[in-house]
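**Q** return a 3D structure for these sequence lines:
(one chain, ligands or ions: 2)
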Amino acid sequence: METPLSCRNYIDGQWLSAAAGTTLESRNPALIHEVVATFPRSQADDVDTAVTAASQAYRSWRKVPAPARAEYVFRVGELLAKHKEKLAQLISQEMGKPLTEARGDVQEGIDCAFYSAGEGRRLFGQTTPSEMPNKFAMTVRMPIGVCALITPWNFPMAIPCWKAMPALVCGNTVILKPAEDTPACATKLIEIFAAAGFPPGVVNLVHGMGEEAGKALVEHPDINLVSFTGSSETGAFVGATCGRTHKRVCLEMGGKNAQVVMEDADLELALDGAVWGAFGTTGQRCTATSRLILHRDIKEKFTTMLYQRTSKLRLGAGTDPDTEIGPIINQKQLQRVSEYMNIAREEGAKVLIGGEIAREDSLKNGYFFQPTILDGVTPEMRVAREEIFGPVVCLIAVSSFEEAIAILNDTNYGLSSSVYTRDINRAFTAMRDIEAGITYINGPTIGAEVHLPFGGVKQTGNGHREAGTTALDVFTEWKSVYVDFSGNLQRAQIDNRS
Ligand SMILES: NC(=O)C1=CN([C@@H]2O[C@H](COP(=O)(O)OP(=O)(O)OC[C@H]3O[C@@H](n4cnc5c(N)ncnc54)[C@H](OP(=O)(O)O)[C@@H]3O)[C@@H](O)[C@H]2O)C=CC1
Ligand SMILES: O=C(O)CCC(=O)C(=O)O
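**A** Ligands and ions are numbered 1, 2, ... in the order given. This next block holds a predicted model:
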C-alpha cells in the first residue's frame, strides 16, 4: 500500500497544517482499510487566517485586468490536461467512480477553464442611451469580494472548478472548503492552481469538517459570498446563515430526477439513457435518474430489458478498468441507501433486482451496493419523493403523456429531466411544461455541459445557475455608470404625467 498523501491547507501561498495540529483521514471506499490521505482538521482560527489572506489579496486582484486574470485560469486548464490521467486515477481511488467517469470529471474542469478564460475578454456590460444630452449611460460588472466555495465529494474536480474559475475571472478571491471524503483530490487541484502562478491569497484551501471549518466560513463576517453544492439540509443552514449575516449565497442542492419513456420511444436508446442516468457514478449525482416513468404499453418490455442490462453490470473498484459501477462514498451513505430499501418494502414497492449491500468476496472490503430496480412505485411513496443518492431507480407506470409530465413535476425538486419520444409535439410540450432547470429530449438526465446554465427550480436551488454565462451573474455585482460631459448640471426629466 502506498504511503497516504499528507495534505495541508493552502493559505496566502503557503502549505500549512491546522493551527491546532489535528488531522483527519480519507479512505478508499472500494478498499476501506486503505488510507488515501491525511488532512488538517481546521477550525475557526484557520478559517480566519485564510479569510484575512483572501481579503488582503482581493485589494489588488480585483484591479488585475480581466483578460490577465483569465490567463491564470487558462494555465490551470493546460495543467489539468497535462496531469489528467494521474488526477483521474486519484479520483477513482479516493471517491470510487470508474476511471472513464473520473477522466470526465477532470475533463469538465478543463472545459470550464477554457470556457471561463474566454469570458475574461468579454465580461460584457451594456451601454444604453441617457435621457440627457451629452451623457453616456452604461453598466459594468464588479467583483463581489471573498468567496467561500463549499463543495461535495461526487465531482471532486469538476465542481470546485465550476465555482472557482468564473469567480477568479470575475476578480474575486476564493477559499475552497472541499468535502472531507475527498481531500486528496482537492489538494492536487489546488496544487495545480498554485503552479499556475496566482498571487498569494487569491486561491486558498481550507480542509476540515463541515460543522467546523465549513460553518466557520459561512459565519465569518468578511466572507462576501458563499457558493454551496450539497444536501438540502446543509443548504438550508447555509442559506439561513447567509441571510442572517447579509451574504450573497448560491445554493445547488438535490434532485429527484425522472426519465419518461413513452410508447413511441426508441427503447434501446431509452435503455442506454436509463442505465447510465440511474447507475452512472453509482447514482451519486444530483442529476441522477431516480424515477423512471414508463408508459404502460411498453412498461413490461422495457422493464425486462432494464432488468437484463442491470443484472450484467460489473461492480468493482473505480481504478479497475473493467468496473462499470463503483462503490458508495462512505459508510453513512451506504447505510442511508440500505434504509431506503426497508422504507421501499414497507411502502409496498417490489425489489426487482438488487436491494442489498454487495457481499461477494471481491467487494466485501468496500462500500458496495447492488444496482437496484424498485417496481410498483407510486408517486406518494417516500422512495419516489426523497433523494436516495445511490444506485436505485423507481419504476412508475403511466397511461398518458399528460400523466407522465404531471408525475415528473410532482416533486419538491426541479433539477434535471428527460423524455424519450419520437413525437416532436410531445418533445416541445415537455420542453415547455416540465418544471426543471434542465430538460433532455432523447438523452439521459445526466451529462451537463459547462457552457450552459446548471441548476434547478423549486427546492433544488435558490434561483441562481452555475456554469454558462449565468455563473458571471453569481460572481459579479452590477454597477450603473453615468458619464456627463455637458459641463453643467442637468436634471432628469420630471415626470408630469401623474
Ligand atoms: N447536490 C449534490 O451534488 C450533492 C448532494 N448530496 C446530498 O447530500 C446527502 C449527504 O451528503 P453529504 O456529503 O453529507 O452532504 P453535505 O451537504 O453535508 O456536504 C456538502 C458540503 O457541505 C459541507 N458541510 C457540511 N455541513 C456544513 C455546515 N454546517 N456548514 C458548512 N458546510 C457544511 C460538507 O463538509 P463535510 O464533507 O466535511 O461534511 C461538504 O463540503 C447525499 O445523500 C445527497 O442526498 C451530496 C453530495 C452532492
Ligand atoms: O451529470 C451532470 O449533468 C452533472 C452532475 C453534477 O454536477 C452533480 O451531480 O453534482
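
**Q** what residues does this structure put near ligand 1?
**A** 150-154, 177, 179-180, 209-211, 214-215, 218, 229-231, 234, 237-238, 252-254, 286, 333, 336, 387, 389 (CB under 6 Å from any ligand atom). The way it works is simple: take the backbone N, C-alpha and C, and place the C-beta from them, glycine included.

**Q** out of those residues, who's near ligand 2?
**A** N154, C286.

**Q** type out the PyMOL command that picks the buried ones from the residues of the chain next to ligand 1.
**A** Buried residues within the residues of the chain next to ligand 1, by 16 or more other CB atoms under 10 Å, are selected in PyMOL with:
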select buried, resi 150+151+152+153+154+177+179+180+210+214+215+218+229+230+231+234+237+238+252+253+254+286+333+387+389
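
**Q** give the bridge partners for the residue nearest to S17 when sequence neighbours are not counted, please.
**A** Once flanking residues are discounted, S17 sits nearest to P40: 5.5 Å by CB to CB, 6 or more residues apart in numbering. With DSSP bridges as the criterion, P40 is bridged to T23.

**Q** so who does P40 touch?
**A** C7, R8, N9, L16, S17, A18, T22, T23, L24, D46, H207, G208 (CB atoms under 8 Å, 6 or more residues apart in numbering).

**Q** need those in a markdown table with pLDDT and neighbour count, can you?
**A** Output for the contacts of P40, formatted as a markdown table (pLDDT from 0 to 100; neighbours: other CB atoms under 10 Å):
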| residue | pLDDT | neighbour count |
| --- | --- | --- |
| C7 | 98 | 28 |
| R8 | 98 | 19 |
| N9 | 98 | 26 |
| L16 | 98 | 17 |
| S17 | 97 | 18 |
| A18 | 97 | 22 |
| T22 | 97 | 12 |
| T23 | 97 | 18 |
| L24 | 98 | 17 |
| D46 | 98 | 24 |
| H207 | 98 | 29 |
| G208 | 98 | 28 |
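
**Q** out of those, who's nearest ligand 2?
**A** H207 (20.2 Å; CB to the nearest ligand atom).

**Q** that closest one: what secondary structure?
**A** coil (DSSP: H, G, I helix; E, B strand; the rest coil).

**Q** name the nearest residue to it, sequence neighbours excluded.
**A** Nearest residue to H207, sequence neighbours excluded (CB to CB, 6+ apart): F39, at 4.3 Å.

**Q** just G243 next, same as before
**A** Using CB to CB, 6+ apart, the nearest residue to G243 is V249, at 7.6 Å.

**Q** helix, strand or coil: sort out I343 for me.
**A** Per three-state DSSP, I343 ends up helix.

**Q** residue contacts, it?
**A** Neighbours of I343 in contact, by CB under 8 Å, 6+ apart: R382, V383.

**Q** roughly how far does it sit from L395?
**A** Separation of I343 from L395 (CB to CB, to the nearest Å) stands at 16 Å.

**Q** that older thread, could I get the pLDDT score of the residue nearest to S17?
**A** Confidence at P40, expressed as pLDDT, is 98.

**Q** ditto for R122
**A** On the pLDDT scale, R122 gets 97.

**Q** list the buried residues for the helix or strand hosting L352?
**A** Following DSSP states H and E, one finds L352 within strand 350-353. Going by neighbour count (16+ other CB under 10 Å), the buried part of strand 350-353 is V351, L352, I353.

**Q** same deal with stretch 451-466?
**A** 451, 453-456, 458-462, 464-466.

**Q** got it, and stretch 81-89?
**A** Neighbour-count burial for stretch 81-89 [16+ other CB under 10 Å]: H83, K84, L87, A88.

**Q** could you do stretch 227-247 as well?
**A** Those would be 227-232, 234-235, 237-239, 241-242, 247, for stretch 227-247 by 16+ other CB under 10 Å.

**Q** would TSV of those with secondary structure and pLDDT be doable?
**A** Listed next are the buried residues of stretch 227-247 as TSV, based on DSSP: H, G, I helix; E, B strand; the rest coil; pLDDT from 0 to 100:
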residue	secondary structure	pLDDT
S227	strand	98
F228	strand	98
T229	strand	98
G230	coil	97
S231	coil	96
S232	helix	94
T234	helix	97
G235	helix	97
F237	helix	97
V238	helix	98
G239	helix	98
T241	helix	98
C242	helix	98
K247	coil	97
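
**Q** close to ligand 2: what parts of this structure are there?
**A** N154, F155, I159, R285, C286, T287, I446, G447, A448.

**Q** what's the pLDDT at the residue nearest to the first one when sequence neighbours are not counted?
**A** This means N154. Excluding the flanking residues, the one nearest N154 by CB to CB, 6+ apart is Q284, at 4.8 Å. In this model, Q284 is scored at 98, pLDDT.

**Q** tally up the residues packed near Q284, please.
**A** Neighbourhood size, Q284 [other CB atoms under 10 Å]: 24.

**Q** list the contacts for it?
**A** N154, I328, I329, Q333, F389, G390.

**Q** just L24 next, same as before
**A** Counted by CB under 8 Å, 6+ apart, L24 has contacts T38, F39, P40, R41, E180, P183, H207, G208, M209.

**Q** burial count for the second one?
**A** Other residues within reach of F39 by the criterion other CB under 10 Å amount to 28.

**Q** you'd agree it is up against T23?
**A** Yes: the criterion here is CB atoms under 8 Å, and F39 meets it with T23 at 6.3 Å.

**Q** mind listing what L363 touches?
**A** Contacts of L363 by CB under 8 Å, 6+ apart are L315, G316.

**Q** so W15 lies in a helix, does it not?
**A** No: read with three-state DSSP, W15 is strand and lies in no helix.

**Q** is it in contact with N9, as I believe?
**A** Yes: contact criterion CB under 8 Å: W15 and N9 qualify, at 7.3 Å.

**Q** overlap in contacts of the two?
**A** Joint contacts of W15 and N9 (CB under 8 Å, 6+ apart) do not exist.

**Q** so where do the strands sit in the stretch 1-150 of the chain?
**A** Listed in chain order, the strands of the stretch 1-150 of the chain (DSSP state E, counting those that start in this stretch) span 5-6, 9-11, 14-16, 23-28, 31-40, 126-129, 135-143, 146-150.
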